[in-house]
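Enquirer: Need coordinates for the following:
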Amino acid sequence: MSENDKGFSFRQLFFRDTEDDKPEKQIEQDYTINKIQQAPAVAPEQSLVDDFVKRLQNLINQNNKPGFDFLEFTESLFEEKQNPGPEVYKTVFRIAQKIDKSLTPARLLDSAMSYKDLVQQTAEAEVDKGELKKQGLLSEKDAERNSLDSSIRDTRSKIQQLTRQIQDLQNQDVDLSNQLLAIDQKYSSQLIEIDRKISAIRNAKEQVLVSIVDVESGIKMNLS
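Expert: Predicted coordinates for the structure are as follows:
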């Protein structure tokens, strides 16, 4: 199997039923909770979640370390059974040790941690980019709103001062007011799209991390 194909034989590890995943599920005691973002307020589209899960899965595959580590161990687990139990863990580990006599549960757990950190850092970087873009749009929106508010104030002041220009200034006031009302609609779709993508990144990260931890916990329970 090529490096780019690694991991695709156990897609169910990463692509999980989101309805079955419970937000309160503890990822792992030694993996600090503050690394996991809170559930986003905007529900992501499942297609976006799946897309980011694929990207994270490909990233893991591309960063697969030489030799037999967590990724190869997990792939072997799911080749044996869709929902591997304790005996499958032990059997796969015994076979793996024949391939790599230096393999230990601790080494598997160390490589699992490195993949978790990779997923965490990558997802956080993507979220940061999305948040930065969102803040930029919000700043533009505020700047336009403030500019129009100022124009409206100036216009209304001129209306009071210049009787001869009342009609023209009133028309300008109406036009600027309409622009002000249209700002929310102008930016709404862009902001919603960014929130969806951010939510998708967070959900994809959560799915991959929970999946890795499932196997990691199995290793600790059955092999350590």
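Enquirer: Next, name the residue at the spatial heart of the protein.
Expert: The residue lying closest to the centre of the chain (Cα atoms, centre = their mean) is Ile201, at 1.8 Å.
Enquirer: could you say what helices and strands the helix or strand in which that one is found packs with?
Expert: Using DSSP states H and E, Ile201 falls within helix 166-222. Counting contacts by 3 or more Cβ pairs under 8 Å, 6 or more residues apart in numbering; DSSP states H and E, helix 166-222 is packed against helix 46-62, helix 70-80, helix 86-99, helix 105-161. From N, CA and C alone the C-beta is placed, and that goes for glycine too.
Enquirer: Redo those helices as TSV? Include mean neighbour count.
Expert: Shown next, in TSV, are these (neighbours: other Cβ atoms under 10 Å):
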stretch	mean neighbour count
helix 46-62	18
helix 70-80	20
helix 86-99	14
helix 105-161	15
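Enquirer: which stretch among these comes nearest Gln179?
Expert: When the helices and strands packed on helix 166-222 are compared by Cβ to Cβ, helix 105-161 sits nearest Gln179, at 5.7 Å.
Enquirer: average model confidence for that closest one?
Expert: For helix 105-161, mean pLDDT is 92.
Enquirer: if we can go back for a sec, dump the helices and strands packed on helix 166-222 to JSON lines, plus distance to Gln179.
Expert: Output for these, formatted as JSON lines (distance: least, Cβ to Cβ, whole Å):
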{"stretch": "helix 46-62", "distance to Gln179": "32"}
{"stretch": "helix 70-80", "distance to Gln179": "55"}
{"stretch": "helix 86-99", "distance to Gln179": "64"}
{"stretch": "helix 105-161", "distance to Gln179": "6"}
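Enquirer: Select, out of these, the one closest to Leu176.
Expert: Once those are compared by Cβ to Cβ, helix 105-161 is nearest, at 5.2 Å.
Enquirer: Please verify my assumption that Phe52 contacts Ala200.
Expert: Yes. If you go by Cβ atoms under 8 Å, Phe52 and Ala200 touch, sitting 5.2 Å apart.
Enquirer: Flag the shaky bits of the chain, pLDDT-wise.
Expert: Residues of the chain meeting the criterion pLDDT under 70: 1-43, 80-81, 224.
Enquirer: for the helix holding Ile201, the distance to its chain's centre please.
Expert: Helix 166-222 sits 12 Å away from the centroid of its parent chain (Cα atoms, centre = their mean, to the nearest Å).
Enquirer: Please find the angle between the direction vectors of it and helix 46-62.
Expert: Angle between the axes of helix 166-222 and helix 46-62 is 50 degrees (criterion: axes from the mean of the first three to the mean of the last three Cα atoms, to 10 degrees).
Enquirer: quick one, helix 166-222 and helix 86-99 angle?
Expert: Put simply, helix 166-222 runs at 80 degrees to helix 86-99, going by the same axes, to 10 degrees.
Enquirer: and helix 166-222 with helix 105-161, angle?
Expert: 170 degrees.
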